[in-house]
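> With the input below, show me the fold.
(chains A, B, C and D)
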There are 2 protein chains.
Amino acid sequence: MQRQQNLTKNQKIVLDIIEKSTEPLKAYSILSNVKKKGINAPPQVYRALDKLVDMGKIHKIESKNAFVACQSSNCKVSKAAAFSICESCEEVTEIDNSKISKYLSSFADKIGMKYKKYNLEFFGLCKKCK
Amino acid sequence: MQRQQNLTKNQKIVLDIIEKSTEPLKAYSILSNVKKKGINAPPQVYRALDKLVDMGKIHKIESKNAFVACQSSNCKVSKAAAFSICESCEEVTEIDNSKISKYLSSFADKIGMKYKKYNLEFFGLCKKCK
DNA sequence: TCTATAATGTTATATTATTACATAGTGTTA
DNA sequence: TAACACTATGTAATAATATAACATTATAGA
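Presented below is the predicted three-dimensional model:
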C-alpha cells in the first residue's frame, strides 16, 4: 500500500511539473513537458494524476480540465477544495476556507448525506482585472 | 437579440429532453436521443447547451460532463449552482441554498473579487445509500 | 526465493468538444 | 420590396480529453 510520502517515479515527475507551474496544467500539456523524462503516453500521466488527486497533493479544476498543486495542508485530510477563477486573466487561486468546509459538512448533516468532499469553483473578476 | 422565453427550435428540443430526464445527460447521449428530431451533429447540441447554460435554464455538472435542468428559479438570475452528488447511486440533486450564495458573495467582497457565479459540487453518500 | 501486488510501458480506441465553412431564416430600415 | 446585418442551422472534419486492454517490470512481504 502506497503512503503519502512515497511517490513513485512517474508521480514525482508529474507532481514536480505541476508544483513548478504558476497556472493550472492540462494533462496533455504535462505529457508534452515530460516526454524528455521518459513518459510517453497519456495513461502514464493520467494514472499519476489520479493518484496525486487521491492523495490530496493536487486538485483538478473541473471546469478547465486542469490540475493545480494543493496550496493548503488541510486538503490532505479533507480532499475538499475551493478555487476562485478570474474570467479575465484566468488566474486560479485556492481558497483555504474552513468556514466553507464547516458549513458544508453541517449542511450535509442536515440533508442526511454522508460528507466526503466538495469542489467549489468560484468565477468572477479578480482585484487586478476588476 | 434572443430573449429568455424565445427558445429556438434546437434549444427547445435539447431542453425538453434534459427536463424529462431524471439524471444528468451527456452531450452525446442527448445527440443520440434527438437524431429522430433532425439534430444530426455535435455542434448543434453543444450550441444549444451553451445557450441554455447562459440563460440559466440548465447547469453543467463539470465533474461528470453532464447537464441537468435548473430546479431553482433563483438560478435564472445568479447563474449560481450547487449540487449534491451521491458517489454510490450517482443521484444528483440541486441544492437551492441562498446561504451559500450570500456567503460566497460576501467572501468575494472580502478578497476583492467581483462576483459572477459559482459552481459547487458536493460529494458523499445520500440518505438511501449511507 | 517465491508470490502477490503495484507500477510501468505501449497501442489502440473511446469520449468530449470545437473549428471552419456553407446555407437558410429573421428582423430592420432605406 | 431590396439590401443589410444578424442569428440560427446544417455538415464535415478534426482537436482535445480520457480510458481500455494487455504485456512487462519492479517492489515488498511471507
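
> from here on, contacts and neighbour counts on C-alpha atoms
Will do.

> Centre of the chain to the helix or strand encompassing A:L104, how far?
A:L104 belongs to helix A:98-111 when assigned by DSSP states H and E. Relative to its chain's centre, helix A:98-111 lies at 21 Å (CA atoms, centre = their mean, to the nearest Å).

> how far does the following helix or strand past it sit from the chain's center?
Once the chain leaves helix A:98-111, the next helix or strand it forms, by DSSP H and E, is strand A:114-125. Distance of strand A:114-125 from the chain centroid (CA atoms, centre = their mean) equals 12 Å.

> How about stretch A:90-107?
Going by CA atoms, centre = their mean, where stretch A:90-107 is centred and where its chain is centred differ by 13 Å.

> okay, how far is it across that stretch, tip to tip?
One end of stretch A:90-107 to the other measures 30 Å (CA to CA, to the nearest Å).

> For the residue in chain A that DNA strand D sits nearest to, identify the helix or strand it belongs to.
Closest approach between chain A and DNA strand D, counting by CA to the nearest atom of the strand: A:P43, at 4.1 Å. Assigned by DSSP H and E, A:P43 belongs to helix A:42-55.

> Could I have the CA atoms of that helix written out in CSV?
Extracted in CSV, the C-alpha atoms of helix A:42-55 (Å, rounded to 0.1, in the frame of the first residue of the first chain):
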residue,chain,number,x,y,z
PRO,A,42,-1.4,9.5,-21.8
PRO,A,43,-2.1,6.6,-19.4
GLN,A,44,1.1,7.2,-17.6
VAL,A,45,0.1,10.8,-17.0
TYR,A,46,-3.5,10.1,-16.1
ARG,A,47,-2.5,7.4,-13.7
ALA,A,48,-0.2,9.7,-11.9
LEU,A,49,-2.7,12.4,-11.8
ASP,A,50,-5.4,10.1,-10.4
LYS,A,51,-3.2,9.0,-7.5
LEU,A,52,-2.0,12.5,-6.8
VAL,A,53,-5.6,13.7,-6.6
ASP,A,54,-6.4,10.8,-4.3
MET,A,55,-3.6,11.7,-2.0
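
> right, and the helix or strand after that helix?
Immediately after helix A:42-55, counting by DSSP H and E, sits strand A:58-61.

> For the most centrally placed residue in chain A, give me its contacts.
Chain A has A:H59 as the residue nearest its centroid, 1.0 Å off, counting by CA atoms, centre = their mean. Contacts for A:H59 (CA atoms under 8 Å, 6 or more residues apart in numbering or on different chains) come out as A:53, A:67-70, A:81.

> who in chain A is up against DNA strand D?
For chain A, the residues in contact with DNA strand D (CA under 7 Å from any atom of the strand) are A:1, A:26-29, A:41-43, A:46, A:65-66.

> try it again with 10 Å
A:1-3, A:6, A:8-9, A:25-30, A:41-47, A:49-50, A:60-67 (CA under 10 Å from any atom of the strand).

> Break chain A down into its structural domains.
A:1-70, A:71-130 (automatic domain parsing).

> how about the last one against DNA strand C, any contact?
No: contact of domain A:71-130 with DNA strand C is not found when judged by CA under 10 Å from any atom of the strand; the minimum separation is 14.6 Å.
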